[in-house]
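> A predicted structure for the sequence below; I have some questions about it.
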Amino acid sequence: MTFIYSREMPVKARPDVLVCGAGLAGIGAAVAAARGGAKTMVVERNGFAGGFFTAIVGSAFDGFVDERTGTPVVGGLVFEMLERMGVVEPGQAPHLRFNVKGDLTWVEMHPERTIPRCDPERFKRAADAIMEDAGVEVLLHTQVADVVAREGHVEQVIVSNKDGLVAIEPQVVIDCTGDGDAAAWAGAAFEKAESLQPMSLHFRIAYVQPTYELRRRCAAVLEKAHERGELGLYAGPYLATFSGRDAYFNATRYPGDNTNPEDWTQAEIQGRKDAWTMFEAWQRELAEFEEAYFMSSGPVAGGRESRRIVGDYELTEEDVRTGARHSDVIVLGAWRLDQHPAGSAGYHDIAWIPPYDIPFRTLLPRDFDNLLVAGRCHSATPGALAASRVTATAMGMGQAAGTAAALAGDASLREVNMGALQTALRDAGAILQAPESDVEVGDPDF
Ligand SMILES: Cc1cc2nc3c(=O)[nH]c(=O)nc-3n(C[C@H](O)[C@H](O)[C@H](O)COP(=O)(O)OP(=O)(O)OC[C@H]3O[C@@H](n4cnc5c(N)ncnc54)[C@H](O)[C@@H]3O)c2cc1C
């Protein structure tokens, strides 16, 4: 059943660059475009920027380092965000080696190899400030609702907010919605895996002191609850802390597609149920939870994988596994092949990989001349996306997309000179070549 609906609506703005979504990629894209001289606007459906770090509440800047050496492989705006949050001193980031053992000011991901944390409230403020300083026009509580495109050219983006439906007429659109909403609604080709990685609703417990030992004990309780049939699918659990006296749990797992409204609704409802089931089991069985308090869930359940926009090049799992080089590299990926299974509970295998190049062509939706995608919805196979979907990589892609959009002006994005783009990125602190390492993939130390 369908019906036709048409109405006149105001054109709210005519920016050079419109960034859709102010998550990791979106912040990178908006700041880079504005610093490149483009009049830039970003629209974000939440009341704050930060995407994964603030809306789902994760903590780890995955993809930030080559884990063989602890050396950063994504620089530029990622460094700047770490500085603005006070995680590192100005100018310090490129010289750090992120192998800090057991220090709770760092996120616990692996006993010996850790990566910097991003406290959600500090991230929100740093995101506000970096965009304000760059002169980005930010419109929060504004959701992309539709796109008008003709012959491979986006003409208007329709957004919905408390003004109702309004149009924005940009020269270039950068889709950083994670789900490729704008690109898909413009008519760009996309793919979706048959079995998507599951969604998760994170939750925060106060008055517990996270340690590796506690993580192990929490996992043992969940395993038993799962065996008894009290708890269905769950992940890990993975723990992070921002104060040393609280724990964020990445532990619920709901299979489905977050671009399907019914699935996403159930991920929230089932996620809350499961989070409380876990919390109550830990309270019953672990002395460490005696004083524990369930502080919050969400804000929202997050989707790890949905639409993958088909670009001029599709990054492959082979590229990722072999550390493939590409002449149009715009950021390095370095996170592991981290494909959460949709059908099994607990921990999953995460194969380690060497740093690999992400080509600019994976940001260019096929058949469009003024549209870019960056972040989780870029052009990659499901196997490749298992590695490239993460935060630092997404922000690096965003920085490249914003820089390219500013360089393109009103020309087609395919006319951007790759040498000029790479020089501009390097000048802005981006890293386009991984430092040498003699540690081979498969080496027990890797
Ligand atoms: C549960 C979970 C755990 C994860 N754990 C980690 C981890 O530990 N470390 C790590 O590095 N990565 C992790 N990831 C991956 C990480 O979230 C992302 O893939 C990464 O943030 C991608 O950045 P992005 O900018 O593409 O998307 P996001 O950071 O999600 O940003 C997308 C932004 O677009 C906005 N948006 C979406 N649709 C619209 C619309 N129609 N209109 C307006 N705004 C819109 C969203 O509100 C959001 O702010 C995890 C993901 C999930 C779901």
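Perfect, thanks for sending it. Not measured: the values here are computed from a predicted model.
> so where's the protein shaky on pLDDT?
For the chain, the stretches with pLDDT under 70 are 96-116, 438-446.
> roughly how far apart are the residue in it that the ligand sits nearest to and residue 29?
Closest contact between the chain and the ligand, by C-beta to the nearest ligand atom, is at residue 23 (1.8 Å). For the C-beta atoms, the positions are set from N, CA and C on the backbone; glycine is no exception. Separation of residue 23 from residue 29 (C-beta to C-beta, to the nearest Å): 10 Å.
> Tell me which of these two has more neighbours.
A count of neighbours by other C-beta atoms under 10 Å puts residue 29 above the other of residue 23 and residue 29, at 40 against 29.
> just checking, the more buried one touches residue 399?
Yes: using C-beta atoms under 8 Å, residue 29 is in contact with residue 399, at 7.1 Å.
> near the ligand, which residues of the stretch 101-250 of the chain show up?
Counting by C-beta under 6 Å from any ligand atom, the stretch 101-250 of the chain comes close to the ligand at 143-144, 176-179, 181, 200, 250.
> what do you get if the cut-off is 5 Å, keeping everything else the same?
143-144, 177-178, 181, 200 (C-beta under 5 Å from any ligand atom).
> Same list, the residues you listed, but as TSV with distance to residue 19 and secondary structure please.
TSV is the format used below for those (distance: C-beta to C-beta, whole Å; DSSP: H, G, I helix; E, B strand; the rest coil):
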residue	distance to residue 19	secondary structure
143	14	strand
144	10	strand
177	10	coil
178	13	coil
181	13	helix
200	26	strand
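> out of these, which is most surrounded?
residue 177 (31 neighbours).
> Please work out how many residues are found near the closest residue to that one other than its chain neighbours.
Nearest non-adjacent residue to residue 177, counting by C-beta to C-beta, 6 or more residues apart in numbering: residue 21, 3.9 Å away. By the criterion of other C-beta under 10 Å, residue 21 has 33 neighbours.
> My read is that residue 21 contacts residue 173, right?
No: with contact defined as C-beta under 8 Å, residue 21 does not count as touching residue 173 (11.0 Å).
> before we move on, what SS does residue 304 have?
coil (DSSP: H, G, I helix; E, B strand; the rest coil).
> phi, psi of it?
phi -80, psi -30 (degrees, to the nearest 10).
> now do residue 178
Per-residue torsions, residue 178: phi 80, psi -40 (degrees, to the nearest 10).
> CA atoms only: put the helix or strand where residue 400 lies into CSV for me.
Element membership of residue 400, judged by DSSP states H and E, is helix 391-408. In CSV, the C-alpha atoms belonging to helix 391-408 read as follows (Å, rounded to 0.1, in the frame of the first residue of the first chain):
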residue,chain,number,x,y,z
THR,A,391,36.0,4.7,15.5
ALA,A,392,39.5,6.0,14.8
THR,A,393,39.3,4.7,11.2
ALA,A,394,35.9,6.3,10.8
MET,A,395,37.2,9.6,12.0
GLY,A,396,40.1,9.4,9.6
MET,A,397,37.8,8.6,6.7
GLY,A,398,35.6,11.6,7.7
GLN,A,399,38.6,13.9,7.7
ALA,A,400,39.6,12.7,4.2
ALA,A,401,36.0,13.1,2.9
GLY,A,402,35.7,16.6,4.3
THR,A,403,39.1,17.6,2.9
ALA,A,404,38.2,16.2,-0.5
ALA,A,405,34.8,18.0,-0.5
ALA,A,406,36.5,21.4,0.2
LEU,A,407,39.1,20.7,-2.5
ALA,A,408,36.4,19.8,-5.0
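> what packs against that helix?
On a contact count with 3 or more C-beta pairs under 8 Å, 6 or more residues apart in numbering; DSSP states H and E, helix 391-408 meets strand 17-20, helix 24-35, helix 77-84, strand 172-175, strand 329-333, strand 356-359, strand 371-373, helix 418-427.
> any bit of it sitting next to the ligand?
Yes: residues of helix 391-408 contacting the ligand under C-beta under 5 Å from any ligand atom: 391, 394.
> Give me the angle between that helix and helix 24-35.
Between helix 391-408 and helix 24-35, the angle comes out at 30 degrees (axes from the mean of the first three to the mean of the last three C-alpha atoms, to 10 degrees).
> For residue 376, see how far away the closest residue to residue 300 other than its chain neighbours is.
Nearest in space to residue 300, with sequence neighbours left out and distances taken as C-beta to C-beta, 6+ apart, is residue 55 at 5.4 Å. For residue 55, the distance to residue 376 (C-beta to C-beta) stands at 13 Å.
> Between these two, which is the more surrounded one?
Legend: neighbour count by other C-beta under 10 Å for residue 55 and residue 376, higher for residue 376 (32 against 24).
> do you know how far the more buried one is from residue 74?
15 Å.
> Does residue 274 touch residue 235 like I think?
No: with contact defined as C-beta under 8 Å, residue 274 does not count as touching residue 235 (10.0 Å).
> Downstream of the longest helix along the chain, the next helix or strand is which one?
Taking DSSP state H as the criterion, the chain has its longest helix at helix 261-285. Sequence order places strand 293-297 as the next helix or strand after helix 261-285, per DSSP H and E.
> Which neighbouring elements make contact with that next one?
With 3+ C-beta pairs under 8 Å, 6+ apart as the test, strand 293-297 has strand 203-206, helix 261-285 packed against it.
> Tell me the strands beside that strand, with direction?
strand 203-206 (antiparallel) (DSSP bridges).
> Contacts made by the strand it pairs with with the rest, please.
The set of residues external to strand 203-206 that reach it, using C-beta atoms under 8 Å, 6 or more residues apart in numbering, is 57, 245-249, 251-252, 275, 279, 289, 292-298.
> What's the ChimeraX line that selects buried ones from the residues you listed?
With 16 or more other C-beta atoms under 10 Å as the criterion, this ChimeraX line picks the buried residues out of the contacts of strand 203-206:
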select :57,246,247,248,249,251,252,275,279,289,292,297,298
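> All the helices of the stretch 101-250 of the chain, residue numbers only.
Ranges of helices in the stretch 101-250 of the chain, per DSSP state H, counting those that start in this stretch, are 120-134, 181-186, 212-227.
> hey, which of these is tucked in deepest?
Most buried of the helices of the stretch 101-250 of the chain by mean neighbour count (mean count of other C-beta atoms under 10 Å) is helix 181-186; its value is a mean of 25.
> Residues in contact with that helix: which ones?
By C-beta under 8 Å, 6+ apart, helix 181-186 touches 20-21, 144, 146-147, 149, 154, 157, 173, 175, 190, 259, 307, 309, 365, 368, 371, 373, 377.
> Generate a ChimeraX selection restricted to the buried subset of the residues you listed.
Only the buried entries of the contacts of helix 181-186 go into this ChimeraX selection, using 16+ other C-beta under 10 Å:
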select :20,21,144,147,149,154,157,173,175,190,259,307,309,365,368,371,373,377
